[in-house]
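Engineer: With the input below, show me the fold.
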Amino acid sequence: MRAFADRELLTLADDTMGFHDLQRDFLLLQADDLLLLHSELLTAYQPLLSERDAWSQLPQDEPYVWEQLVYHLCGAGDGPP
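Structural biologist: Next up, the predicted model:
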């Protein structure tokens, strides 16, 4: 990861990483079933909820999913297009 960051192919900050737009777009084009990937990510968070799809119950210390929840719900076909 550090080698990629040194070449400015991704950014590292604390315990997070991010791709630049071109690399991110390329990776998204390589995904066989993006809808399934969004669904699987959301499924991984379900054990944190007392009821299925009760997203408001997510712990506050889950900053990624709080910031990206609508994006992943839409990507999984569970929200407005």
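Engineer: I'd assumed Gln46 was in contact with Arg52.
Structural biologist: Yes - between Arg52 and Gln46 there is a contact under Cβ atoms under 8 Å: 6.5 Å. For the C-beta atoms, the positions are set from N, CA and C on the backbone; glycine is no exception.
Engineer: And the two? Which one has more around it.
Structural biologist: Neighbour tally, Arg52 and Gln46, criterion other Cβ atoms under 10 Å: the higher count belongs to Gln46, 12 against 6.
Engineer: who are the neighbours in contact with that one?
Structural biologist: Counting by Cβ atoms under 8 Å, 6 or more residues apart in numbering, Gln46 makes contact with Arg52, Asp53.
Engineer: can you tell me how far it sits from Arg7?
Structural biologist: Per Cβ to Cβ, to the nearest Å, Gln46 is found 37 Å from Arg7.
Engineer: Surely Leu27 and Phe19 touch.
Structural biologist: Yes - Leu27 lies in contact with Phe19 (Cβ under 8 Å); the separation is 6.8 Å.
Engineer: if you count what's nearby, which of the two comes out ahead?
Structural biologist: More neighbours surround Phe19 than the other of Leu27 and Phe19, with 15 against 10 (other Cβ under 10 Å).
Engineer: what's the distance between the more buried one and Phe4?
Structural biologist: Using Cβ to Cβ, Phe19 is found at 9 Å from Phe4.
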